[in-house]
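Visitor: need a 3D model of the following:
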Amino acid sequence: MTHGHCIVISLKQKPINRYIFGKCRIFCLTLRPFYGPAGNEGRHTSIRMKKILITGASGFIGSFIAEEALRQGFETWAAVRNGSSRKYLQDSRIRFIELDLGNPDQLRRQLEGKGFTHAVHAAGATKCLHEEDFFRVNTQGTANLAAALAETCPGLERLVFISSLSVFGPVRDDRPGTDITDGDTPHPDTAYGRSKLAAERELDGIRGLHFSVLRPTGVYGPREKDYFMVAESIKKHVDFAAGLKPQHLTFIYVKDLVQAVFLALERGRDGARYIVSDGQTYSSRTFSDLIRQELGNPWLLRVKSPLWLLRIITAIGDRIGKATGRMTALNNDKYNIMKQRNWRCDITPAMTELGYKPQFDLRRGVHEAIEWYKENNWL
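Guide: Take a look at the predicted model:
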């Protein structure tokens, strides 16, 4: 039978283990990626079976990567934690594997003989009570995975690591009209950003590993929960903004990030870092205004908090979280993210080297995201 641009020949169906629900071999003639821009029809075609490992596959970004991998004819393996929801991983062609990223020896055993040709590391912690937990998960977990892949999968063509624009910190806050570039020296001011930057540097030291890094700005879209809180607040007639000075924001819709992932798998330069966004810069109010329009323009109370007040609130929230063992939305890392005024960024290297062409500006992306939230009874 045919599926998209792929010919899928099912050879047999039977359970393999408790994580894998079916077995089929996929022979794929790839013409061009689903999200790829038009004009790439000249790419090489291949009938060699490609086998991809996606960590964090049960999460927001990872689940979209898994969907696209299936569309492109990859034999798709989703690495998930025990007990993680598989709500967005219902396709019977997906194979599941549990990986212990904190145990290098166990990890090598789990990957031995799998023969992955491609890997995307989308797993990671965005919120932690203690800074050391960011480094344990984001830095050491990444290093363990990459080293194990290099050792057990000699045919691995490329690992794409999803890092973050946060690795730079407020490097351009003193130059508000200029873009963060790949040539800037990172100075992360959050534990999250520091752990991601440390992970990137761990990859540099692994011999024989072919890898590329994506540094996306704020990612939004269906299934996402943090930006969703803004929509939920606006529906309840409150729009909150941090700081009294103008703030320049950047965004990337999840499907554009997925486009960048698969372009990097195919065309990425070894060790290269690519900043990705939708290529536009927005005022702090544009995002909330677009959400408000999609919700039918409800009346709105706009609240602007001075940074000194926000600093007090987040410091209290951080202390409460550590005392109770439960993360709060307002914490020290969140304060540093919200106080940064300039998130402008240059995506030229991603466009020229990878052929990345964003398909979703903020208006189009917000429309599609809000429609999904409505259809799925989130709003």
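
Visitor: end-to-end on stretch 87-100?
Guide: 21 Å (C-alpha to C-alpha, to the nearest Å).

Visitor: which helix runs longest in this protein?
Guide: helix 307-324 (DSSP state H).

Visitor: determine the set of other helices and strands touching that helix.
Guide: Judged by 3 or more C-beta pairs under 8 Å, 6 or more residues apart in numbering; DSSP states H and E, the packing partners of helix 307-324 are helix 332-339. To be clear about C-beta, it is placed using only N, CA and C from the backbone, and glycine gets the same treatment.

Visitor: what about 10 Å?
Guide: Where contact means 3 or more C-beta pairs under 10 Å, 6 or more residues apart in numbering; DSSP states H and E, helix 307-324 is packed against strand 238-242, strand 301-305, helix 332-339.

Visitor: pick the most buried one from those.
Guide: Of all these, helix 332-339 has the most neighbours on average by mean count of other C-beta atoms under 10 Å, namely a mean of 20.

Visitor: could you give me the average pLDDT of the helix or strand just after that one?
Guide: As assigned by DSSP states H and E, the chain's next helix or strand after helix 332-339 is helix 348-349. The average pLDDT within helix 348-349 is 98.

Visitor: how far is helix 348-349 from where the chain is centred?
Guide: Put simply, helix 348-349 sits 19 Å off its chain's centre (C-alpha atoms, centre = their mean, to the nearest Å).

Visitor: what's in contact with it?
Guide: Helix 348-349 has contacts (C-beta atoms under 10 Å, 6 or more residues apart in numbering) with 179, 181-183, 269, 272-276, 279, 356.

Visitor: go again with 7 Å.
Guide: By C-beta atoms under 7 Å, 6 or more residues apart in numbering, the residues outside helix 348-349 that reach it are 182, 274.

Visitor: please apply the same query to stretch 361-377.
Guide: Contacts for stretch 361-377 (C-beta under 7 Å, 6+ apart): 220-222, 228, 231, 251, 253, 278, 280, 282, 286-287, 290-291, 294-295, 379.

Visitor: stretch 58-68 too?
Guide: 34-35, 54, 56-57, 76, 78, 80, 84-86, 88-89, 94, 120, 122, 162, 219, 223-224, 254-255, 257-258, 261-262.

Visitor: so how do I select the buried members of those residues in ChimeraX?
Guide: Restricted to buried positions by 16 or more other C-beta atoms under 10 Å, the ChimeraX selection for the contacts of stretch 58-68 reads:
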select :35,54,56,57,76,78,80,84,88,89,94,120,122,162,219,223,224,254,255,257,258,261,262
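
Visitor: just the ones of the contacts of stretch 58-68 in helices?
Guide: 254-255, 257-258, 261-262.

Visitor: same list (these) but as TSV, adding pLDDT and distance to residue 246.
Guide: Below are those laid out as TSV (pLDDT from 0 to 100; distance: C-beta to C-beta, whole Å):
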residue	pLDDT	distance to residue 246
254	98	27
255	98	29
257	98	26
258	98	31
261	98	32
262	98	35
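
Visitor: mean pLDDT and distance to residue 129 added to the helices and strands packed on helix 307-324, as a markdown table?
Guide: A markdown table is the format used below for the helices and strands packed on helix 307-324 (pLDDT from 0 to 100; distance: least, C-beta to C-beta, whole Å):
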| stretch | mean pLDDT | distance to residue 129 |
| --- | --- | --- |
| strand 238-242 | 94 | 22 |
| strand 301-305 | 94 | 24 |
| helix 332-339 | 92 | 11 |
